[in-house]
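*Asks:* 3D, please:
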Amino acid sequence: MTPASWFRAVFRQWPFLAALGIVVGGLAVVANDHFKRGTVIIAGGICIAAFLRLVLPNSRAGLLLVRSRFLDVLTLAFLGGGTLIAALIVPPPS
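*Replies:* Reported below is the predicted structural model:
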């Protein structure tokens with residue numbers, strides 16, 4: 001595999017990498033002792049993954065494509081919404 005073909009193969013996964021980058025950024029915020037803020041960022045990354053899976057065609061969805069579009073969007077939206085609700089309900093540390 002040449003470097004150019006490797007770069008193209010990785011670039012085709014931009015929807016997954018964008019969502020993963022946001023989630024990793026949220027984990028970094030959590031690691032800096034900002035649990036609520038970081039968890040909201042993680043939930044946002046998951047919701048962005050759901051949105052990208054909803055609007056992108058199957059040929060462009062990359063690693064976000066696991067099952068049918070409906071089931072993928074439903075699963076990601078449920079996980080993102082649940083994470084967001086959990087982040088907002090958890091009381092701040094005392």
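*Asks:* contacts, neighbours, all on C-alpha from now
*Replies:* OK.
*Asks:* which regions of the chain lie under the pLDDT threshold?
*Replies:* Applying pLDDT under 70 to the chain flags residues 94.
*Asks:* any idea which element residue 36 lies in?
*Replies:* Using DSSP states H and E, residue 36 sits within helix 35-55.
*Asks:* Please list the residues outside that helix that contact it.
*Replies:* 15-16, 19-30, 61, 64-65, 69-70, 72-74, 76-77, 79-81, 83-84, 87-88, 90, 92 (Cα atoms under 8 Å, 6 or more residues apart in numbering).
*Asks:* again with stretch 57-75
*Replies:* Contacts of stretch 57-75 (Cα under 8 Å, 6+ apart): 12-16, 49-54.
*Asks:* Buried ones from those residues, can you make that a ChimeraX selection?
*Replies:* Only the buried entries of these go into this ChimeraX selection, using 16 or more other Cα atoms under 10 Å:
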select :14,15,16,49,50,52,53,54
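*Asks:* For residue 60, see how far away the residue lying closest to residue 20 once chain neighbours are set aside is.
*Replies:* Distances taken as Cα to Cα, 6 or more residues apart in numbering put residue 45 closest to residue 20, at 7.0 Å, once the chain neighbours are dropped. Per Cα to Cα, to the nearest Å, residue 45 is found 18 Å from residue 60.
*Asks:* Look up how far residue 88 lies from residue 36.
*Replies:* With distances taken as Cα to Cα, residue 36 is found 7 Å from residue 88.
*Asks:* Tell me which of the two has more neighbours.
*Replies:* Taking other Cα atoms under 10 Å, residue 36 and residue 88 do not tie; residue 36 has more neighbours (21 against 14).
*Asks:* host element of residue 23?
*Replies:* Applying DSSP H and E as the criterion places residue 23 in helix 14-31.
*Asks:* Now do that helix: which elements does it pack against?
*Replies:* Packing contacts for helix 14-31, counted by 3 or more Cα pairs under 8 Å, 6 or more residues apart in numbering; DSSP states H and E, involve helix 35-55.
*Asks:* Give me the next element, helix or strand, following the helix it packs on.
*Replies:* Past helix 35-55, the next helix or strand by DSSP H and E is helix 69-89.
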